[in-house]
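J.: Here is the input, now give the coordinates:
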Amino acid sequence: MNLSTAPRLLTFYEIMKDRRWHSTAEIEDRSRLLADSIPKYRRICAVNSTAADMRRKGYAIACRPKGRGVYEYRYVGKAA
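T.: Next up is the predicted model:
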């Protein structure tokens, strides 16, 4: 799937492609930095819905609670 036609999803993938856990706040902050410096990226404000959109596109995105109201996300590969 070509993410270049969906800038928000492209931004999410760019952040997540290292396959490490990233908190909601980190994803929001890094997306802002990317969007401010590179025109093809967009700011992500709704991390949970962006992760759900990625899952619908066939990307496996894991989610785990980190603490009270804090969640982390990780890209684990293409869904089977």
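J.: Buried by neighbour count: which residues of whichever strand or helix holds residue 28 qualify?
T.: Secondary structure assigned from DSSP states H and E places residue 28 in helix 24-37. For helix 24-37, burial by neighbour count (16 or more other Cβ atoms under 10 Å) applies to 24, 27, 28, 30, 31, 32, 34, 35. Where you see a C-beta, it was placed from the backbone N, CA and C, and this is true even at glycine.
J.: helices or strands up against the helix or strand that comes right after that helix?
T.: Counting by DSSP H and E, the next helix or strand C-terminal to helix 24-37 is helix 47-56. Applying 3 or more Cβ pairs under 8 Å, 6 or more residues apart in numbering; DSSP states H and E, we find helix 47-56 packed against helix 7-16, helix 24-37, strand 59-67, strand 70-78.
J.: residues contacting the residue nearest the centre of the chain?
T.: Centroid-nearest residue in the chain, with Cα atoms, centre = their mean: residue 12, separated by 3.0 Å. Going by Cβ atoms under 8 Å, 6 or more residues apart in numbering, residue 12 touches 27, 31, 44, 50, 51, 54.
J.: Make CSV from the residues you listed and add distance to residue 60 and pLDDT to it.
T.: Formatted as CSV, those follow (distance: Cβ to Cβ, whole Å; pLDDT from 0 to 100):
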residue, distance to residue 60, pLDDT
27, 16, 97
31, 20, 97
44, 18, 96
50, 14, 96
51, 10, 96
54, 9, 95
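J.: which one among those gets closest to residue 72?
T.: Closest approach to residue 72 among the contacts of residue 12 (Cβ to Cβ): residue 27, at 9.2 Å.
J.: nearest to residue 16, of the buried residues of helix 24-37?
T.: residue 27 (7.9 Å).
J.: The residue nearest to that closest one when sequence neighbours are not counted and residue 53, how far apart?
T.: Of all residues beyond its chain neighbours, the one nearest residue 27 is residue 47 (5.0 Å), with distances taken as Cβ to Cβ, 6 or more residues apart in numbering. Residue 47 is 11 Å from residue 53, where distance means Cβ to Cβ, to the nearest Å.
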